[in-house]
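Participant: just need the structure, nothing else, for what follows:
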Amino acid sequence: MKVIKEVKPTDAAANSTNTASPDANLDGVHIANFLNAVRTGKPHNSPIAEGHKSVLMCQLGNIARQTGRC
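Facilitator: The predicted structure is shown next:
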């Protein structure tokens, strides 16, 4: 396997405990958790199926708006 780009969370994001704040900037932590799960086979912090359910309606709403079918 060839590493194209290694993504590491910033120190602030890695140590963040404020997950309710919209400016918590947890993208780095989320990406690092996903990549760690892919590399090591350890489970994700959150099941993929739950994440899918959480964003499905938002994505369908955006598609409907962009196609004029809402």
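Participant: show the residue spans covered by the helices in this structure.
Facilitator: All helices of the chain, identified by DSSP state H, fall at 11-14, 27-40, 48-67.
Participant: could you report the distance from Gly28 to Leu35?
Facilitator: Between Gly28 and Leu35 the distance is 11 Å, computed by Cβ to Cβ, to the nearest Å. Every residue, glycine included, has its C-beta placed from N, CA and C.
Participant: can you show me the CA trace of stretch 44-61 as PDB?
Facilitator: Listed next in PDB are the C-alpha coordinates belonging to stretch 44-61 (Å, rounded to 0.1, in the frame of the first residue of the first chain):
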ATOM      1  CA  HIS A  44     -14.600   3.200  14.400                       C
ATOM      2  CA  ASN A  45     -15.700   5.500  17.200                       C
ATOM      3  CA  SER A  46     -19.100   5.600  15.500                       C
ATOM      4  CA  PRO A  47     -20.700   2.900  13.300                       C
ATOM      5  CA  ILE A  48     -20.700   3.800   9.600                       C
ATOM      6  CA  ALA A  49     -24.400   2.800   9.300                       C
ATOM      7  CA  GLU A  50     -25.300   5.400  11.900                       C
ATOM      8  CA  GLY A  51     -23.400   8.100  10.100                       C
ATOM      9  CA  HIS A  52     -25.100   7.200   6.900                       C
ATOM     10  CA  LYS A  53     -28.500   7.500   8.500                       C
ATOM     11  CA  SER A  54     -27.500  10.900  10.000                       C
ATOM     12  CA  VAL A  55     -26.600  12.600   6.700                       C
ATOM     13  CA  LEU A  56     -28.900  10.800   4.200                       C
ATOM     14  CA  MET A  57     -31.800  13.200   4.400                       C
ATOM     15  CA  CYS A  58     -29.600  16.200   4.200                       C
ATOM     16  CA  GLN A  59     -27.900  14.900   1.100                       C
ATOM     17  CA  LEU A  60     -31.200  14.000  -0.500                       C
ATOM     18  CA  GLY A  61     -32.600  17.400   0.300                       C
END
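Participant: mind listing what's buried along that stretch?
Facilitator: Buried positions in stretch 44-61, judged by neighbour count with 16 or more other Cβ atoms under 10 Å: none.
Participant: where does the protein have low pLDDT?
Facilitator: 8-25, 70 (pLDDT under 70).
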